[in-house]
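Novice: using only what follows, build the 3D model:
(2 chains, ligands or ions: 1)
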Amino acid sequence: MTKTSKTIVFFGTDDFSLSTLQKLIEAGYNIAAVVTKPDSKSGRGQMLQMSSVKKLAVKHNIPVWQPDKVADINDKIAKLGNEVMGILVSYGKIIPITTINLFNPGIINVHPSLLPQYRGPSPIESSIKNGDPQTGVSIMKLTAGMDSGPIYAQIIHKLSGNETRPDLYRTLSGAGAILLTTILPLIIDGSISPTPQDEDKSSYCKLLLKSDALIDPMTISAKQFEQTVRAYIGFPKTKIIIGKSELIITKAHISTGRTSPLDVLCKDKKSLTIDELVAPSGKTISNKDYINGYL
Amino acid sequence: MKKENIITLPNPRLRQRSSRVRVVTPEVKNIIKDLTTVALDWEDSRPHEISAAISAVQINHLDRIIIVRSDFDDKAVRDFTALINPEIIKLEGEITEDFEGCLSVPDVYGKVPRYNKARVKAMDVDGNEVRFKADGFLARIIQHEVDHTNGIVFIDRIRDKKDAFYKLDEKGELQPLDYDKDIKNNSILWD
Ligand SMILES: [Zn+2]
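Specialist: A predicted model of the protein is given here:
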């Protein structure tokens, strides 16, 4: 008897998924399609913007599917046969159960947290914002629940307390790609099976919005404020109102005394000293230049 | 031996019963060796498929001998287990549909209903009796191969099912076949 060989359908949109797709291509897996969100409009001329994931797929002649509704590709997936496995990294859409059920042994997901901690859309930001001593990456089997599927493997990453959101995205994206490609052959040949998550220890993180940027320093400690600055760099950013201006903080440290308007008093009576910021002009400038130029 | 030694439909031998093996003779061992070589030679010519198992009738020996891939998910694992006089003692579990192809039915795939559990009795290459329970895809493979030893080809199990026939295109994707045009009166498949 013959059967079709294992093929992979890769779901990914954000840059976080890029290193995994790259590693899968390098390892010679048969990738039947890359599913990514429809191209977004961006910039002044509203040009359609192609994601880096789509560019990589196109470069390697892999078909790209961009459904508005995920279930619209169910027919195409079914036609790939019974030996098709899904891999999902930072895709950005919920996968309906009818789609999940088309895959064998399922859809494997790379999630940047030590599940069951930080289920949901902002695990990387949450670990920095909460000043955690460590975080990591989990490889799990996708189920209908939010990041609640059983886990195949995890890797721990110690946090130094200095990392920013872009740093940790880069680090965990690389770690996730290596972990996944290491254990994928074991998942495919069935020699490891996933372990259910401990529901009692589960926690959730929220979808971050632009409106999360604005901080009232009197509601948090200087330490929490500094962690938030590092956690929110790039998006949603950390904003504060000083005088009549709204400033975006890009670098800060905790201090005790207050000697300038850029030493912000916090709830615990300690201060956050802003080292670098984006001024109302849109330029990133140092503490000193801001004080000389604006105040 | 090469993949060209595989007999394909409409060869009438594929619809004949094979005979029991009395003793594991050197000739039987040769057949097992040839089955392995042929299965791998065929696979090496097919980018999107795996040889999961083959029966002796498919290389023109009407003996009840089959070989089954040790790991039918991994092309890199190239060894097979031989089962002589394989018998299904019991079929259990539930009936599920999944895709099957056959070295003797080139390019046609079918969604075939099979039991997902089977108890199997056979003889190994040393002449010892072996009994085991097969689950999932392995249960399917064994049912497909034992059918061969009884002169049944997988398409015979779905003969009247209009939406069960597929073909594998050059990209490795299964495309439904037009039953009335391609299957129903196809003299290669049925005569
Ligand atoms: Zn066959």
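
Novice: what residue lies at the spatial centre of chain B?
Specialist: Within chain B, the residue whose C-alpha comes closest to the C-alpha centroid is residue B:145; the distance, by Cα atoms, centre = their mean, is 4.2 Å.

Novice: isn't that residue right next to residue B:87, touching?
Specialist: No - counting by Cβ atoms under 8 Å, residue B:145 sits too far from residue B:87 to count as a contact (11.5 Å). No exception for glycine: its C-beta is placed from N, CA and C like everyone else's.

Novice: avg pLDDT for the single longest strand found in chain B?
Specialist: Using DSSP state E to define each element, chain B has its longest strand at strand B:80-102. Taken as a whole, strand B:80-102 carries a mean pLDDT of 94.

Novice: just for chain B, where's the confidence low?
Specialist: Per-residue confidence for chain B (pLDDT under 70) gives these ranges: B:74.

Novice: hmm, the longest strand of chain B in reach of the ion?
Specialist: Yes - in terms of Cβ under 5 Å from the ion, part of strand B:80-102 sits within range of the ion, namely residue B:102.

Novice: skip ahead from that strand and say which helix or strand is next.
Specialist: Taking DSSP states H and E as the definition, the helix or strand that follows strand B:80-102 towards the C-terminus is strand B:105-123.

Novice: what are the buried residues along that following strand?
Specialist: Neighbour-count burial for strand B:105-123, with 16 or more other Cβ atoms under 10 Å in any protein chain shown as criterion, is recorded at B:105-106, B:108-112, B:114-118, B:120, B:122-123.

Novice: just give me the closest of those residues to residue A:63.
Specialist: Distances from these to residue A:63 were compared by Cβ to Cβ; the smallest belongs to residue B:109, at 20.3 Å.

Novice: in chain B, which spans are helices?
Specialist: B:26-44, B:136-149, B:187-190 (DSSP state H).

Novice: show me the beta-bridge partners of the residue in chain B that the ion sits nearest to.
Specialist: Closest approach between chain B and the ion, counting by Cβ to the ion: residue B:102, at 3.2 Å. Partner residues in beta bridges with residue B:102, using DSSP bridges, are residue B:105.

Novice: circling back to that earlier point, distance to chain A for the helices of chain B - can I get that in JSON lines?
Specialist: Shown next, in JSON lines, are the helices of chain B (distance: least, Cβ to the nearest Cβ, whole Å):
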{"stretch": "helix B:26-44", "distance to chain A": "8"}
{"stretch": "helix B:136-149", "distance to chain A": "4"}
{"stretch": "helix B:187-190", "distance to chain A": "16"}
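
Novice: need the winner for burial among those.
Specialist: Here the criterion is mean neighbour count by mean count of other Cβ atoms under 10 Å in any protein chain shown, and of the helices of chain B the winner is helix B:136-149, at a mean of 22.

Novice: let me see the ranges of the helices in the stretch 1-150 of chain A.
Specialist: A:18-26, A:52-59, A:74-78, A:97-100, A:123-129 (DSSP state H, counting those that start in this stretch).

Novice: and those helices, which is most packed in?
Specialist: helix A:123-129 (a mean of 24).

Novice: ok now that one, how far from the chain's centre?
Specialist: Taking Cα atoms, centre = their mean, to the nearest Å, one finds the center of helix A:123-129 at 10 Å from the center of the full chain.

Novice: show residues contacting that helix.
Specialist: A:111-113, A:117-118, A:135, A:159, A:163-165, A:168-169, A:172, A:205, A:208, A:224, A:227-228, A:230-232 (Cβ atoms under 8 Å, 6 or more residues apart in numbering or on different chains).

Novice: which bits of chain A sit near the ion?
Specialist: Proximity of chain A to the ion, by Cβ under 5 Å from the ion, involves residues residue A:1.

Novice: who touches residue 102 in this structure?
Specialist: All of this refers to chain A. For residue A:102, the set of contacting residues under the criterion of Cβ under 8 Å, 6+ apart consists of A:74, A:77, A:78, A:84.

Novice: that was the other one, I meant chain B.
Specialist: If a contact means Cβ under 8 Å, 6+ apart, then residue B:102 has A:1, A:2, B:108, B:144, B:153, B:154, B:155 as its contacts.
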